[in-house]
Every structure is written in C-alpha cells, then in structure tokens.
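K.L.:
A predicted structure for the sequence below; I have some questions about it.
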Amino acid sequence: MRYRRTINRKNARNGELVKFVISFVLVLSLSLFISANIASLIYKSSTYEKLEINFNNEDNKTIVKDSEKIGEEKMENYSKTLLSNNIVLFQGGVFNDLDNAEEFKKKIDNKTLSSIVNDGKYERVILGISYKDNFLDMVDFLKSNNIQFVKQVYKIPVNVEYNEEILKILEAFSDFILEEGKNILKDKVDITKLKEVTSTLDVDYGKRGSYELFNELKESILDLEDSAEREELESIFNLIYLSFANYKS
C-alpha cells in the first residue's frame, strides 16, 4: 500500500510538472507571437511615416517653386505699371534703434551697398535704387543674395526744370551699381564711368525748378575721387532718400 501511494504521489508531481512545462511553452509562444506582431506594426508605421515625410518634402519643394514663380510673375506685372519717370528705392528694414539698424547692415555688407538714413523718427536701411528698365534686375540681384526688401516708388515730375537730368543721374547710378557687381563692395571703387556720364549733363535753365537738387546730386558724384570710398557711394543713398521724400507715390 505504501509503495502504491508513493507511486501515485510521484505521478501527481510528474503531472503537475508536465502541466507547468506545457503552460510555460504556451505562454512563451504567445509572448513571442505578440512581440513579433508589435514589431511588425512598428516597422510598418515607421516606414509609412518615412514615406509620408518624403512625400511632404516633395510637396514643400513644389510649394516653394510655385511660390517663387508667383513672386516672379507678381514682380514682372508690377514692373509693367512703373512709369518712365518712376524711381524705386529698395529698403531692407526700419528700426527704432540705431544699433539694431547697424547690426542689420553688418549682415549684408558683404552682399550689397547699403546706407542707414534717419527720417526724423526711424532708422531706415536703404539697399539701392532702380528705374523702370532695370527694376527686375535689381529685384533679381537682391533675391539672389537672400536679401528681403520692401520698395518705395517715387514719381519725379518731368515738367519741372532739371528733373529729367536728375532722373538720368539716378539711372546712371543704379546701372553702375548693378554692372559693378562684387567690385562695388571693395573699400575703393572705380567710379570713372559714373563720373563721365554725370559730367555730360551740363545744362542751365536758370536758378529755378530743381536747380539746387540737381547741382547737389551732380556735385556729390563729381567731387568724389575716381577711386571712391565705399562709404561715400553709400552716402548718395541718403541724399536720394531725403531729397525725394515729397515725391513718394
């Protein structure tokens, strides 16, 4: 009898062991199955996200290109509205504080001429001027250098004595800046051609109309050395801005 009870106890323990092993195997298998599915879902999710990001990047590139195209068309259409007696002044920023204006100017000094003009209230950073025929060239120049700008249009009345000559000086100055390119950024700039064009505008309608402004603008260029300081050229922006404030469209 004792022997039979011992056998039964051993069988019971063996049965429990078998049940434990089977349960463990089942739990382990289930865990592996769940883990595999979770890993698969994570992989698919990350792949989808990557595809979505790539897709969005392509969308963004398209949006940027479309935006640039719209911007170009807008500027082209705008240029068609300009008159032959319009001068466009390009402005890079308006600041309450001179230090901030100077900080901004430093950032673009290696890209273009610029000047800080005080209008009595604000410090304005002037980037350049253009007229109808080279307006788009100036826009392209500033955009290619990643310089953001706003434009101010001035209408110079040509029925006033000396204003036509003033327009010719401004046009020559604008063309000079664009033609010189990076040379304009040197400490010394050869302005012989600009002075030659300016000197040919030798007219005398008497001391009336825009006589004083014409002479001031003309002399501000002719009085410079043939190899002018960069700062001297930039100062002409100040004269232009302050002189034509009343002609703003």
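P.N.:
Great, that's in hand.
K.L.:
Just say helix, strand or coil for the nearest residue to M75 once chain neighbours are set aside.
P.N.:
In space, not counting the residues next to it along the chain, M75 is nearest to V139; the distance is 5.3 Å by CB to CB, 6 or more residues apart in numbering. (C-beta placed from N, C-alpha, C; glycine too.) Secondary structure assignment for V139 (DSSP: H, G, I helix; E, B strand; the rest coil): helix.
K.L.:
Could you give the number of residues near V139?
P.N.:
Other residues within reach of V139, judged by other CB atoms under 10 Å, total 21.
K.L.:
Got the confidence number for it?
P.N.:
The score at V139 is 95. That number is its pLDDT.
K.L.:
can you give me the strands in this protein?
P.N.:
Assigned strands in the chain, in chain order: 86-95, 115-118, 123-131, 150-155, 188-190, 227-229 (criterion: DSSP state E).
K.L.:
Highest mean neighbour count out of the ones you listed?
P.N.:
strand 123-131 (a mean of 24; mean count of other CB atoms under 10 Å).
K.L.:
Parallel or antiparallel, which strands does that strand pair with?
P.N.:
Based on DSSP bridges, the pairing partners of strand 123-131 within the sheet are strand 86-95 (antiparallel), strand 115-118 (antiparallel).
K.L.:
Including distance to L239 and mean pLDDT, could those strands go into TSV?
P.N.:
Converted to TSV, the strands paired with strand 123-131 look like this (distance: least, CB to CB, whole Å; pLDDT from 0 to 100):
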stretch	distance to L239	mean pLDDT
strand 86-95	12	94
strand 115-118	9	94
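K.L.:
Any regions of this protein where pLDDT drops low?
P.N.:
Counting by pLDDT under 70, the low-confidence segments of the chain come to 1-70.
K.L.:
how does it look with 90?
P.N.:
Residue ranges of the chain with pLDDT under 90: 1-76, 93, 119-120, 180-187, 202, 242-249.
K.L.:
circling back: closest one to F173 among the strands of the chain?
P.N.:
Closest approach to F173 among the strands of the chain (CB to CB): strand 123-131, 7.0 Å.
K.L.:
what angle do that closest one and strand 150-155 make?
P.N.:
Per axes from the mean of the first three to the mean of the last three CA atoms, to 10 degrees, the angle that strand 123-131 makes with strand 150-155 is 60 degrees.
K.L.:
distance between strand 123-131 and the chain's centre?
P.N.:
15 Å (CA atoms, centre = their mean, to the nearest Å).
K.L.:
can you check stretch 212-230 too?
P.N.:
Using CA atoms, centre = their mean, the offset of stretch 212-230 from its chain centre is 31 Å.
K.L.:
May I see the buried residues of that stretch?
P.N.:
Buried residues in stretch 212-230, counted by 16 or more other CB atoms under 10 Å: L213, F214, L217, K218, S220, I221, L224, A228.
K.L.:
how about stretch 238-249 as PDB, C-alpha atoms only?
P.N.:
Backbone C-alpha positions of stretch 238-249 (Å, rounded to 0.1, in the frame of the first residue of the first chain) are rendered in PDB as follows:
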ATOM      1  CA  ASN A 238      21.000 109.200 -48.000                       C
ATOM      2  CA  LEU A 239      20.800 112.200 -50.400                       C
ATOM      3  CA  ILE A 240      18.400 110.400 -52.700                       C
ATOM      4  CA  TYR A 241      16.100 109.300 -49.900                       C
ATOM      5  CA  LEU A 242      15.900 112.700 -48.200                       C
ATOM      6  CA  SER A 243      15.700 114.600 -51.400                       C
ATOM      7  CA  PHE A 244      12.700 112.700 -52.900                       C
ATOM      8  CA  ALA A 245      10.600 112.200 -49.800                       C
ATOM      9  CA  ASN A 246       7.900 114.500 -51.200                       C
ATOM     10  CA  TYR A 247       7.800 112.600 -54.500                       C
ATOM     11  CA  LYS A 248       6.700 109.300 -52.900                       C
ATOM     12  CA  SER A 249       3.800 107.800 -54.800                       C
END
